[in-house]
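Enquirer: Sharing a sequence plus its predicted fold:
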Amino acid sequence: MHHPPLIAWLIIFLIGLCLGSFLNVVITRLPVMLMRRWRHEARAALELGDEHAPRFNLATPGSMCPRCETPIAWHDNLPLIGWIKRRGHCAACQKTISIQYPLVEMAAGLLALVVLALHGLYP
Ligand SMILES: [Zn+2]
């Protein structure tokens, strides 16, 4: 098996980081989305009528601080780099942002490198 060029390792790592970033979105939002759906179904079953709730899915609203709900600028939202740049603190309220985010991104980036090491560019 040929060893992939250095640029391939870098690109695959960056793709892994982005996948990890998306995983963080799913990890934090999916439970909320399920709870909201179950609540909606329960209210329908009990004939309580609809309650207005702002749209909430994997894409909307955009990333925001979990504490002060200030939207996160794109340059502070880059996988791994954003968290390191802000040293794990919100740019607006300075409260800490969970280390879960960079850890999941790094794990996904490293796993992508493992896949590249095991299978190469052309499996
Ligand atoms: Zn904040």
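Expert: Everything's here; your move.
Enquirer: isn't L116 right up against A8?
Expert: Yes - the criterion here is C-beta atoms under 8 Å, and L116 meets it with A8 at 6.9 Å. In this view, the C-beta of every residue, glycine as well, is placed from N, C-alpha and C.
Enquirer: So between these two, which is more surrounded?
Expert: Just comparing L116 and A8: by other C-beta atoms under 10 Å the higher neighbour count belongs to L116, 19 against 13.
Enquirer: so what's the more buried one closest to, chain neighbours aside?
Expert: I12 (4.8 Å; C-beta to C-beta, 6 or more residues apart in numbering).
Enquirer: do the same with A92
Expert: Closest residue to A92 apart from its sequence neighbours, by C-beta to C-beta, 6+ apart: T70 at 3.8 Å.
Enquirer: Contacts only, for the one you found.
Expert: 64, 90-93 (C-beta atoms under 8 Å, 6 or more residues apart in numbering).
Enquirer: What's the separation between it and G62?
Expert: In this view, T70 and G62 are 11 Å apart by C-beta to C-beta, to the nearest Å.
Enquirer: any common contacting residues for these two?
Expert: In contact with both T70 and G62: no residue, using C-beta under 8 Å, 6+ apart.
Enquirer: Would you mark the buried spots in stretch 31-38?
Expert: By neighbour count on 16 or more other C-beta atoms under 10 Å, the buried set for stretch 31-38 is empty.
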